[in-house]
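S.K.: Starting from these lines, generate the structure:
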Amino acid sequence: MGEVVSGRRKQSILVVDDHRLNAELLRELLATRGYQASIVPSAADAEEQIRSDPPDLILLDVVMPGKTGYELCHELKDDPATRLIPIVMITGLDAHEDRLRAIGAGADDFLTKPISAEELFARVKSLLKLKEFTDELETAESVLCTLGLSVEARDPYTEGHCERLARDASELGRYLGLDDDCVVALRRGGYLHDLGKISVPDEVLKKGSNLTPEEWKIMKQHPVVGETICRPLKSLRLVLPIIRHHHEHSDGSGYPDGLKNSEIPLLPRVLQVVDVYDALRTDRPYKKALPHEQAAFTMREEARAGLWDEELVDEFFLLLDKRRQVA
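M.R.: Residues are numbered from 1 along each chain as shown. Prediction:
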């Protein structure tokens, strides 16, 4: 995109460079193409600016007082909140090893001083187009999560369920030592796991228990429907098994595929433990909420009987015990 399109928000670029004249020159060049550029002289100032107003792209000098550009780039790319912001490293060094170091820090591209205006514009235009695409994907995910919450809103007994699952499943994932991508998938799965219930009629969804065989058949399809809705978004690939398999049981009595034990992927088993606990601790039309101790006893008994992953159930209650001790 380079030039500003009428009616569209100006794309913002953060220039991080302790040489004021260099930074001013970059800002003036970017302004000729309609970009909104701001300047900060250090990594510390950049961190503060990014927290308060995340830019669409960062032009980052390597050599600065305090934290280097390499260090800042590495930290930003390690943080899920900022890793998708494109970063162009700018350096006066042209050694091959310095370029490799920039790539190793996670930089999306690099420019060497003195900077060619044409090369600058080409890099900026390309990376901002990519950023626009990833923003659209995030928007699509947000829409789906909102749909998940709208499904929850149809049942007054499940208020807050998705938010609790997103929080507790991701916390359990971190406690188990899963990587960041898996933790993010568990958080998204908390919001999206029952998305397929959008296809279940109210009279079936709100009935809760004593479903007829035909109604039960409809209910059992909701994991498949949810997976189908989310499948086009490749960014949700780790969430798809959560959506499809969170109602499977270790003894094979679950649905929709009747998987057993390790046939059920790990992430659905993690979310399932949190989901069952939340259901036991919540009032429903057909039952009262159980106290924590009774819910723990019930889940451990059911795990021993072959419904849930017994090891994950134990780990979850160890986590809850630690949380209660801190509180």
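
S.K.: show me where the chain has helices.
M.R.: Shown for the chain, the helices assigned by DSSP state H span residues 20-32, 43-52, 69-78, 96-104, 117-153, 161-175, 180-192, 202-205, 213-220, 222-230, 240-245, 266-280, 292-304, 310-326.

S.K.: Would you single out the least confident of these?
M.R.: Mean pLDDT is lowest for helix 96-104 out of those, coming in at a mean of 77.

S.K.: With just CA atoms, put it into PDB.
M.R.: This file holds the C-alpha atoms of helix 96-104, laid out as PDB (Å, rounded to 0.1, in the frame of the first residue of the first chain):
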ATOM      1  CA  HIS A  96      27.300 -10.800   6.700                       C
ATOM      2  CA  GLU A  97      27.300 -11.800  10.300                       C
ATOM      3  CA  ASP A  98      25.400  -8.700  11.400                       C
ATOM      4  CA  ARG A  99      22.600  -9.500   8.900                       C
ATOM      5  CA  LEU A 100      22.500 -13.100  10.200                       C
ATOM      6  CA  ARG A 101      22.200 -11.700  13.700                       C
ATOM      7  CA  ALA A 102      19.300  -9.500  12.700                       C
ATOM      8  CA  ILE A 103      17.500 -12.500  11.200                       C
ATOM      9  CA  GLY A 104      18.300 -14.600  14.300                       C
END
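
S.K.: Measure how that helix sits relative to helix 69-78, angle-wise.
M.R.: In terms of direction (axes from the mean of the first three to the mean of the last three C-alpha atoms, to 10 degrees), helix 96-104 departs from helix 69-78 by 20 degrees.

S.K.: Would you mark the buried spots in helix 96-104?
M.R.: Buried residues in helix 96-104, counted by 16 or more other C-beta atoms under 10 Å: Asp98, Arg99, Arg101, Ala102. (Each C-beta comes from the backbone N, C-alpha and C, glycine too.)

S.K.: Please state the offset of that helix from the chain centre?
M.R.: 29 Å (C-alpha atoms, centre = their mean, to the nearest Å).

S.K.: Stretch 236-248 now?
M.R.: With C-alpha atoms, centre = their mean as the basis, stretch 236-248 stands 15 Å off its chain's centre.

S.K.: Just the residues contacting it, thanks.
M.R.: Outside stretch 236-248, the residues that touch it by C-beta atoms under 8 Å, 6 or more residues apart in numbering are 141, 144, 181-182, 184-186, 188-189, 192-193, 195-196, 220, 223-224, 226-227, 230-231, 254-259, 263-265, 267-268, 271-272, 275.

S.K.: repeat that for 6 Å
M.R.: Stretch 236-248 is contacted from outside by 185, 188-189, 192-193, 223, 226-227, 230, 254-255, 259, 264-265, 267-268, 271-272, using C-beta atoms under 6 Å, 6 or more residues apart in numbering.

S.K.: how long is it end to end?
M.R.: Counting by C-alpha to C-alpha, to the nearest Å, you get 20 Å between the two ends of stretch 236-248.

S.K.: just to revisit the earlier point, could you identify which of the helices of the chain is most buried?
M.R.: helix 240-245 (a mean of 25; mean count of other C-beta atoms under 10 Å).

S.K.: Just the CA atoms of that one, as CSV, please.
M.R.: Written as CSV, here are the backbone C-alpha positions of helix 240-245 (Å, rounded to 0.1, in the frame of the first residue of the first chain):
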residue,chain,number,x,y,z
LEU,A,240,-9.6,-27.5,15.4
PRO,A,241,-8.8,-30.7,17.4
ILE,A,242,-10.0,-28.9,20.6
ILE,A,243,-13.3,-28.0,19.0
ARG,A,244,-13.9,-31.5,17.5
HIS,A,245,-12.7,-33.7,20.3
